[in-house]
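Trainee: structure of the sequence below:
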Amino acid sequence: MQRNIGVLISGRGSNLQAIIDAVGDGRLDARIALVISNRPAAYGLERARAAGVETLVRDHKGWPSREAYEAVLVDDLRARNVELVCLAGSCGCSARPSLARSRTGFSTSTRAPAVISRPARATPGSRARVRFSGATVHIVDTNLDAGPIVLQAVVPVFTDDTEDTLSARILAEEHRIYPDAVQRILDGGWRLEGRRLVFT
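Mentor: A predicted model of the protein is given here:
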């Protein structure tokens, strides 16, 4: 049986499209039950609608607190039986650990979604000293962009790289590994050992 996932976006939704494509060609055995954006003009909403996926816009402005806003997002996701949330853009959740704290664990009996994300892409500002960058997909925990790693891809940094050329290569790797990471989490057979994700 396909598992329901939700995707949170803020912009053009290229990682969302990678997930949509992976579902469409059978690489990802899941159903995208809901896409939420904090921006009504986010192009990712058009990608979702074109794929027949339900969308919601939840503006993050005007709430009494970020926790109150994120509690509504969690309710939206629970109402669609979402088991895994993919952060493909902040959707106003720059305090991503707050969303993680809104859940009560990975047990499906809680009907609370686990949260998976990838950190912001690196830039080549220090490329004179750094030879490699990359993409990382991780589980969200109480430390921003520091949760247990699910998958990583290494991207070489060339001496003539610009921010645009390096970011494009990293984004291509994100698109490749993000759906794979989602599938690995949905498949189970893993456990957390401290801050380390161990696949069994």
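
Trainee: list the beta-bridge partners for P156.
Mentor: Bridge pairing for P156 (DSSP bridges) gives the partners F132.

Trainee: strand partners of the helix or strand hosting A33, parallel vs antiparallel please.
Mentor: Element membership of A33 [criterion: DSSP states H and E] is strand 30-37. Applying DSSP bridges to the sheet, strand 30-37 is found paired with strand 3-9 (parallel), strand 55-57 (parallel).

Trainee: next SSE downstream of that strand?
Mentor: helix 43-50.

Trainee: by mean pLDDT, flag the weakest helix or strand of the chain.
Mentor: helix 96-101 (a mean of 38; mean pLDDT, DSSP states H and E).

Trainee: same list (the strands paired with strand 30-37) but as TSV, adding mean neighbour count, mean pLDDT and distance to R176.
Mentor: Glycine gets a C-beta too; all of them are placed from N, C-alpha and C. Shown next, in TSV, are these (neighbours: other C-beta atoms under 10 Å; pLDDT from 0 to 100; distance: least, C-beta to C-beta, whole Å):
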stretch	mean neighbour count	mean pLDDT	distance to R176
strand 3-9	25	94	17
strand 55-57	16	97	25
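
Trainee: among the ones you listed, which is nearest E174?
Mentor: strand 3-9 (13.6 Å; C-beta to C-beta).

Trainee: report the beta-bridge partners for the residue nearest the centre of the chain.
Mentor: Centroid-nearest residue in the chain: L87, 2.7 Å away (criterion: C-alpha atoms, centre = their mean). Beta bridges link L87 to L8, S117 when assigned by DSSP bridges.

Trainee: quick check: buried residues in the lengthiest helix in the chain?
Mentor: Secondary structure of the chain per DSSP state H: the longest helix is helix 163-187. Under the neighbour-count criterion of 16 or more other C-beta atoms under 10 Å, helix 163-187 has 166-167, 169-171, 173-175, 177-182, 184-186 buried.
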